[in-house]
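**Student:** when you get a sec, could you give me coordinates for this:
(one chain, ligands or ions: 1)
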Amino acid sequence: MQLRANAKLNLSLKVIGKRPDGYHEIDSIMQSISLYDSIKLDPLSKGIKIFCTNPLIPTDRSNTVYKAALAFFEKTAINQGVKIEIQKLVPHAAGLGGGSADAAAVLVGLNIMYKTMLSESDLRVLGESVGSDVPFCLIGGRGRVRGRGELVEPIEPLPKTWFVLVTPQILISTAWVYQNFKPVVSSTDNDLESVVLSQYPEIGELKKELLKLGCLKSQMSGSGSSVFGIVESEEKGIKILEAIRKKHPQSYLVENVGRGVENV
Ligand code: C5P
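**Tutor:** I've put the predicted structure just below:
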């Protein structure tokens, strides 16, 4: 079975405050995009075996897909296993929810493969235990996301929108960003920019560069390091992509999509 695990952008991200459990209460608009990891699942008689095209990604128990598969087998009491092959196209530690999307795809895929008929809310509860962005990735499209990420409310899809997405060669830990977050009067649509831009001024420079190249708006996604610019047309996006790719090889032209996981 082959699935697409679509990445997400945070079109906005407000941090409401710190919760007693150490997580932060957020209010964010998330959007699935046409950049994805491919996930191939094959049944195994036992065990969870992971293969990934990116050698930097651990294939042990710390991988989100391992946690997702384990949560699924525990919940359903199915005494079997799965081989998971990940073709990693979404940059990791980049604010694009790649690991969460992979976990969501594994939950959806196993539910189909083993005909377990877990409901959307069962999958969400399993997803939540794996990572804060998994509940959104299970639904996808455009959604308002609250709580620590578990409250997802689908909202009306945007018309077709093109984004130039740039991931600088900087790996950022989400935990580090939240640990260093201080409530500020924020002038941006993403409250986490205040933490990241003060440590990595080059991300602020990249935002400016995208505007200079003709993007209508530019913003960091999630806890960074990715920055996206909204463009008025695909043609304009292609031109900006050509220019920005010279300096940033991990640059993409993507559009909004209506699902988080696609069975292809
Ligand atoms: O849930 P996930 O493992 O993706 O989160 C990574 C880290 O980011 C958490 O350990 C937590 O420190 C921080 N976080 C947070 N509030 C959120 C989501 C994540 O503080 N809503």
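
**Student:** Leu107 versus Ile39, what's the distance?
**Tutor:** 11 Å (CB to CB, to the nearest Å). In this view, the C-beta of every residue, glycine as well, is placed from N, C-alpha and C.

**Student:** what parts of the stretch 51-200 of the chain come near the ligand?
**Tutor:** For the stretch 51-200 of the chain, the residues in contact with the ligand (CB under 6 Å from any ligand atom) are Gly131, Ser132, Asp133, Arg148, Gly149, Thr174, Ala175, Tyr178.

**Student:** once you drop chain neighbours, what's closest to the fourth one?
**Tutor:** The spatially closest residue to Arg148, leaving aside those adjacent along the chain, is Tyr23, at 4.0 Å (CB to CB, 6 or more residues apart in numbering).

**Student:** before we move on, what about the third one?
**Tutor:** Closest residue to Asp133 in three dimensions, ignoring its sequence neighbours and counting by CB to CB, 6+ apart: Ser100, at 3.6 Å.

**Student:** isn't Lys14 up against Ser28?
**Tutor:** Yes: counting by CB atoms under 8 Å, Lys14 touches Ser28, with 6.9 Å between them.

**Student:** look at the two and report which has more neighbours.
**Tutor:** Neighbour totals were compared for Lys14 and Ser28, and Ser28 leads with 23 against 15 (other CB atoms under 10 Å).

**Student:** what mean pLDDT does the helix or strand that the more buried one is a member of have?
**Tutor:** Assigned by DSSP states H and E, Ser28 belongs to strand 24-44. The average pLDDT within strand 24-44 is 98.

**Student:** now stretch 250-260
**Tutor:** 98.

**Student:** buried ones in it?
**Tutor:** Ser251, Tyr252, Leu253, Val254, Asn256, Val257, Gly260 (16 or more other CB atoms under 10 Å).

**Student:** which residues are in contact with it?
**Tutor:** Outside stretch 250-260, the residues within contact range by CB atoms under 8 Å, 6 or more residues apart in numbering are 5-8, 31-35, 91, 101, 104, 136-142, 157-158, 160-169, 234, 237-238, 241, 244-245.

**Student:** and the buried ones among those, selectable in ChimeraX?
**Tutor:** A single ChimeraX command selects the buried members of those (16+ other CB under 10 Å):
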select :5,6,7,8,31,32,33,34,35,91,101,104,136,137,138,139,140,141,142,161,162,163,164,165,166,167,168,237,241,244
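
**Student:** okay, buried residues for the helix or strand hosting Lys207 please.
**Tutor:** Following DSSP H and E, one finds Lys207 within helix 201-212. By 16+ other CB under 10 Å, the buried positions in helix 201-212 come out as Ile203, Leu206, Lys207, Glu209, Leu210.

**Student:** now do the second one against the ligand, distance only.
**Tutor:** Applying CB to the nearest ligand atom, to the nearest Å, one obtains 23 Å for the distance of Leu206 from the ligand.

**Student:** just the fourth one next, same as before
**Tutor:** Going from Glu209 to the ligand by CB to the nearest ligand atom gives 28 Å.

**Student:** name the nearest residue to that residue, sequence neighbours excluded.
**Tutor:** Nearest to Glu209 is Ile244, by CB to CB, 6+ apart, at 7.1 Å.

**Student:** make sure I have this right: the one you found is in a strand.
**Tutor:** No: counting by DSSP: H, G, I helix; E, B strand; the rest coil, Ile244 falls outside a strand, being helix.

**Student:** got the phi/psi numbers for the residue sitting nearest the centre point of the chain?
**Tutor:** For the chain, Gly97 is the residue whose C-alpha lies nearest the centre (CA atoms, centre = their mean; 1.5 Å). The phi/psi pair for Gly97 (degrees, to the nearest 10) reads phi 70, psi 30.
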